[in-house]
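> Sequence below, structure please.
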Amino acid sequence: VQLVESGGGLVQPGGSLRLSCAASGFTFSSYAMSWYRQAPGKEREWVATITSRGGSTNSADPMKGRFTISRDSSKNTVYLQMNSLKPEDTAVYYCNAKLPSSDYNFWGQGTQVTVSS
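Modelled structure (predicted):
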């Protein structure tokens with residue numbers, strides 16, 4: 001099983017980025033997909049989740065209205081569209097796949113997002 005994140009980089013405050021997480025080696029449509037992030041010196045925090053079939057999404061309050069999670073089952077990929085980025089959004093962003101009604105889950109390697117002028 002593998003999750004590979006991409007799309008991170010350096011962006012100015014107020015800018016946008018779209019992160020991608022390409023999944024392989026498992027039945028993508030059976031897993032809920034989430035994004036988490038971890039800033040230097042801080043614990044990893046949940047960002048957003050999309051259900052296995054994509055029918056429902058949810059995001060953490062600081063990201064509501066700015067970040068949108070989506071998935072494309074034809075490409076086995078989950079996305080995180082991030083708009084109106086702030087310096088406090090600087091972190092390593094991780095993709096997570098979780099089997100519903102189970103504790104089984106696994107992580108990608110992360111992609112760095114830096115918001116700075």
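
> The residue nearest in space to the middle of the chain and Ser117: what is the separation?
Taking Cα atoms, centre = their mean as the criterion, Trp35 is the residue nearest the geometric centre of the chain, at 2.8 Å. Computed as Cβ to Cβ, to the nearest Å, the Trp35 to Ser117 distance reads 24 Å. Every C-beta, even on glycine, is put in place using the N, C-alpha and C of the backbone.

> Any stretches of the protein with poor pLDDT?
The chain contains no residues with pLDDT under 70.

> in what helix or strand does the residue nearest to the centre of the chain lie?
Trp35 belongs to strand 32-38 when assigned by DSSP states H and E.

> C-alpha coordinates for that strand, PDB please?
Taking C-alpha atoms only, strand 32-38 is exported to PDB below (Å, rounded to 0.1, in the frame of the first residue of the first chain):
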ATOM      1  CA  ALA A  32     -12.000   7.300   4.000                       C
ATOM      2  CA  MET A  33      -9.200   9.800   3.100                       C
ATOM      3  CA  SER A  34      -7.900  12.600   5.300                       C
ATOM      4  CA  TRP A  35      -5.300  15.300   5.300                       C
ATOM      5  CA  TYR A  36      -3.400  16.200   8.500                       C
ATOM      6  CA  ARG A  37      -0.600  18.600   9.000                       C
ATOM      7  CA  GLN A  38       2.300  19.100  11.400                       C
END
